[in-house]
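[1] Sequence isn't available, so here's the structure alone:
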């Protein structure tokens, strides 16, 4: 029986398809037109077969794989151009895989689920810079369930298939590998933040940080205090920006409301709320307008106000944090990926 995408969106989460096939058997079955589905999975099937290491992750049992349909895979990977190297594609396949974790949206009671993928250092240290564990995806349960993965658009789970050795969640987007902070900020339109990082000589340093959370003010937030920033020295600007970088990775799923979080600039900030997330520092509260943006070194939240800018700050009391040795290569790759994907690809993948 052929199942339409609209029917999948309405019923798949309540009645996941149970199959006696393995994950790869399912991919082979649905890799061609006429399989009984409104989508095909030929490209992701071929990609896994061409990457024995990624295939081994899928076949080890007890795993979950997010399978992008061909209509999303082709424009996304094609848009990467020369950046779609074997190493990048392996990192991407790892990012589509959850190890020893069965995620079935219909069987999960969590409204927000933080999912740990197989994308981790040192195997993929060119693309991920976390002190431990794998890169993250945030699942937002609903009808349909959506995935936050570091891009402005969110991937939709079209169908869930329970295999004999794991779970397949068919999705409508290819999950691009989360880039470094500066590239991600550019993707979300925070060009002023990127500009000030450059003026403070902090771009490479911030992109190389590991296990952090970056609060990125929107452009209009910086424009609102442009006259104040015009009087800042380089040291003062560095302190201001460092005060927006938390020394740990914090997603909305693991926030302890009101807890003081230490920044590299010295002062503490606090994050509160889940439905209406806010960030507070120096008695100034900003609304988080885009939360849980996965970046190479942790998490990023886009906020609507610059914190700690009511008066010119004192000279930094701490030295610049030390980036990972791979930051230069990661910055180059992240910029290349964002440039090659471009607005056209993001628009093509947007809901």
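    Yes, it's here. Nothing here was measured: the structure is a model prediction, and the numbers come from that model.
[2] quick check: domain ranges of the protein?
    5-177, 181-328 (automatic domain parsing).
[3] just how off-centre is the first one within its chain?
    With Cα atoms, centre = their mean, to the nearest Å as the basis, domain 5-177 stands 14 Å off its chain's centre.
[4] contacting residues for residue 164?
    19, 20, 21, 22 (Cβ atoms under 8 Å, 6 or more residues apart in numbering). Every C-beta, even on glycine, is put in place using the N, C-alpha and C of the backbone.
[5] For residue 295, see how far away it is.
    Distance, residue 164 to residue 295, using Cβ to Cβ, to the nearest Å: 36 Å.
[6] And the closest residue to residue 51 other than its chain neighbours, how close does it get to residue 173?
    Once flanking residues are discounted, residue 51 sits nearest to residue 90: 5.5 Å by Cβ to Cβ, 6 or more residues apart in numbering. Residue 90 is 19 Å from residue 173, where distance means Cβ to Cβ.
[7] dump the residue contacts of the residue nearest to residue 51.
    51, 53, 54, 124.
[8] can I get the residues you listed in JSON lines with secondary structure, distance to residue 198 and pLDDT?
    Output for the contacts of residue 90, formatted as JSON lines (DSSP: H, G, I helix; E, B strand; the rest coil; distance: Cβ to Cβ, whole Å; pLDDT from 0 to 100):
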{"residue": "51", "secondary structure": "coil", "distance to residue 198": "36", "pLDDT": "98"}
{"residue": "53", "secondary structure": "helix", "distance to residue 198": "37", "pLDDT": "97"}
{"residue": "54", "secondary structure": "helix", "distance to residue 198": "36", "pLDDT": "97"}
{"residue": "124", "secondary structure": "coil", "distance to residue 198": "27", "pLDDT": "88"}
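[9] and the two most separated of those residues?
    51 and 124 (12.1 Å; Cβ to Cβ).
[10] So for the two, which sits in the more crowded spot?
    Between residue 51 and residue 124, counted using other Cβ atoms under 10 Å, the more crowded position is residue 124 (21 against 18).
[11] how much space is there between the more buried one and residue 95?
    Relative to residue 95, residue 124 is positioned 9 Å away (Cβ to Cβ).
[12] what does residue 167 give?
    Separation of residue 167 from residue 95 (Cβ to Cβ): 16 Å.
[13] repeat for residue 271
    Counting by Cβ to Cβ - residue 271 and residue 95 are separated by 25 Å.
[14] Looking at these two, which is more packed in?
    Regarding residue 271 and residue 95, a neighbour count based on other Cβ under 10 Å identifies residue 95 as having more, with 28 against 24.
[15] Just give the closest residue to the more buried one, not the sequence neighbours.
    Once flanking residues are discounted, residue 95 sits nearest to residue 119: 4.2 Å by Cβ to Cβ, 6+ apart.
[16] Which helix or which strand is home to the one you found?
    Using DSSP states H and E, residue 119 sits within no helix or strand.
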